[in-house]
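> Coordinates for the following, if possible.
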Amino acid sequence: MNKPPIRSAPAEELRLLGTKRLRVIEDSALNAEAYPATLDHSLTPIEAFFIRNNGRLPQIDAARWTLTVDGEVSRQKTWSVAELKSSFEQVDVTAVIECAGNGRIFLDPPTDGAQWSDGAVACARWTGVRMRDLLLACGLEENAVYTGHCSPDVMTDGSGRPALSRGLPIAKAMSPETLIAFAMNGEPLPLLHGAPLRVVAPGFPGSAWQKWLNRIWVRDREHDGEKMTGTDYRLPRHPVAPGQKPDASDFAVIVDMPVKSLITFPAAGAVLKFSEECEVRGFAWSGHVPVASVEVSADGGSSWQQAALEPQAEHFAWRRFRARFVPKVNGAAVLMARASDEAGHRQPLDQVWNPRGYCNNAAHRVRVTVCA
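Just a heads-up that it's a prediction; the model follows:
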C-alpha cells in the first residue's frame, strides 16, 4: 500500500507548536499528532496534545471576544468571556477528544483527508460553563432541534469561506457534559486549542468540539454549515466494500465514537529482554458507552490475556489498562490491545474501510524486538 507521507516538523512549525513531542501532518492547514508513547498520562500535557485545524489560524483579540446565541430562541444574547465566567456556574469535565480521522493512514485503499496515524487523541480536564445554561437563558423555541457553531477561521484556499461550522443535536447541546470551555488541565486554553472559547462535546468526534467559538446559531433543522453536509464527518449506514463510493444520501453524521485502545508502553521499536517479565500498558476509551474490558496479546493476536483496568476517573475519561507477560521467543514481536464496551462492541482486529476513512478502531499494534 502506498501511504501518504508524514513529514518531520519544520523549525518554524515546531516553534509555533512549542513542542518536539508532536509530528506535523502533511496538509494545507497546521495539523500535528502525538507519538503514542508520549500519551502515557491520565491527563495529556499540552506539549503532547494533538493539533487539528481545518483552515488558517484566526487572529484573536481575547479581551474583546464575545459569544452570541441567536436563531430559534426567544431572547438573543451576547456575553463577553468575563460575563460567561461570572454569570454561570463553572464546571469541570474530564473527557477524551479524538479526531474522527485518527488511524486513517492505515486504510487500504487510501482515502482523502489528513493522514493521521495513532496520535490524534488526548484526554484533558476541561473547565467552562454548560451550553445548556446559555440556551436556557435565551429561551429555546419549540422548533429548536440543532445548534450551529461559528468561528472566524477560514479555509486555506484564499476563498474566505468558513473553515468549519459544525453543530450538535439539541439533546447533546443540553446534556450536562457539553461545555463552552475556556481552560484545559487547569490552564487557560492555548490559541492552538481554541482560545478563548471552544465547544466540549464528549463522545462526539473532535470536529464537533468547535474552536474559537463566537456564535451558537440555534436551528430548526440539522445544521448545514461547512463540513456538515455531503460525506464530511459521516459514515455510511450500510457496510461498504473497499474502494466503493456509495451515494451521499446513505451517510449519517457521526454522533458517537467507537470503543478503542492505545498502547503507550512499551514504545514502538523497544527492545525487550527474553524471559524477563515486562509490562504492557495504555488507555482505553469509548464514545457514550463505557469501556468494559481490554485484552492484550504479546504474539500478534495468536493468544490473548485480560488486562487489569484501573477505575475510570469520569464517564468520558479514558481508562488505564495494564498487563504483564514474559517474552518467550527471540526476534520481532507484535504487541496488541483491543477493548470492548458495555454494549458488547469490541475492536476489530483489522480496520473496517469506509470512503472517508473515519472511525478506524482496529486493534492497536506495537512492534518490538525480543533478545537475550
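> Would you point out which residue is most central in this protein?
Glu98 (1.2 Å; CA atoms, centre = their mean).
> pretty sure that one contacts Phe204?
No: using CB atoms under 8 Å, Glu98 is not in contact with Phe204; the gap is 9.6 Å. No exception for glycine: its C-beta is placed from N, CA and C like everyone else's.
> any common contacting residues for these two?
Taking CB atoms under 8 Å, 6 or more residues apart in numbering as the criterion, Glu98 and Phe204 both touch Met257.
> where in the stretch 1-150 of the chain is pLDDT low?
Along the stretch 1-150 of the chain, segments meeting pLDDT under 70 span 1-20.
> what about the helices in it?
11-17, 81-87, 131-138 (DSSP state H, counting those that start in this stretch).
> returning to that earlier point: so what's the nearest residue to the residue nearest to the centre of the chain once chain neighbours are set aside up against?
Excluding the flanking residues, the one nearest Glu98 by CB to CB, 6 or more residues apart in numbering is Val121, at 4.1 Å. Contact partners of Val121, counting by CB under 8 Å, 6+ apart, are 34, 39, 50, 96-99, 102, 260, 262, 285.
> what do you get for Val329?
Neighbouring residues of Val329 by CB under 8 Å, 6+ apart: 274, 299, 370.
> Buried among those residues? Need that as a selection in ChimeraX.
Here is the ChimeraX selection string for the buried members of the contacts of Val329, based on 16 or more other CB atoms under 10 Å:
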select :370
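> circling back: pull up the gap between the residue nearest to Glu98 and Val96, please.
Distance of Val121 to Val96, computed by CB to CB, to the nearest Å: 7 Å.
> any shared contact partners between the two?
Both Val121 and Val96 are contacted by Trp285, under the criterion CB under 8 Å, 6+ apart.
> Go through the helix or strand harbouring Leu335 and flag the buried ones.
In the assignment (DSSP states H and E), Leu335 maps to strand 331-341. Judged by neighbour count using 16+ other CB under 10 Å, the buried positions of strand 331-341 are 333, 335-341.
> could you say what helices and strands that strand packs with?
When contacts are defined as 3 or more CB pairs under 8 Å, 6 or more residues apart in numbering; DSSP states H and E, strand 331-341 sits against strand 260-265, strand 278-285, strand 291-297, strand 364-371.
> Deepest-packed of the ones you listed, please.
When the helices and strands packed on strand 331-341 are scored by mean count of other CB atoms under 10 Å, the highest mean neighbour count falls to strand 260-265 (a mean of 24).
> That one: partners in the sheet, and parallel or antiparallel?
Here strand 260-265 has these sheet partners by DSSP bridges: strand 278-285 (antiparallel).
> Just want the angle from the partner strand to strand 364-371.
On the basis of axes from the mean of the first three to the mean of the last three CA atoms, to 10 degrees, strand 278-285 is oriented at 170 degrees to strand 364-371.
> Can you tell me what sits against strand 278-285?
Applying CB under 8 Å, 6+ apart, the set of residues contacting strand 278-285 from outside is 36, 39-40, 96, 98, 121, 123, 257, 259-266, 272, 291, 294, 296, 298, 307, 309, 317-327, 335, 337, 339, 364.
> distance between it and the chain's centre?
19 Å (CA atoms, centre = their mean, to the nearest Å).
> what mean pLDDT does it have?
In this model, strand 278-285 has a mean pLDDT of 98.
> cool, stretch 243-252 as well?
Averaged across stretch 243-252, the pLDDT comes to 92.
> Sketch out the low-pLDDT regions of the stretch 201-350 of the chain for me.
Residue ranges of the stretch 201-350 of the chain with pLDDT under 70: none are present.
> Now with 90, please.
Along the stretch 201-350 of the chain, the model assigns pLDDT under 90 to residues 245, 248.
> where do the strands sit along it?
Remark: strands assigned in the stretch 201-350 of the chain by DSSP state E, counting those that start in this stretch are 215-219, 234-236, 251-253, 260-265, 271-273, 278-285, 291-297, 305-306, 308-309, 319-325, 331-341.
> Figure out which of those strands is closest to Val199.
strand 215-219 (8.7 Å; CB to CB).
> Tell me which other helices or strands that closest one touches.
Applying 3+ CB pairs under 8 Å, 6+ apart, we find strand 215-219 packed against strand 66-71, helix 131-138, strand 146-150.
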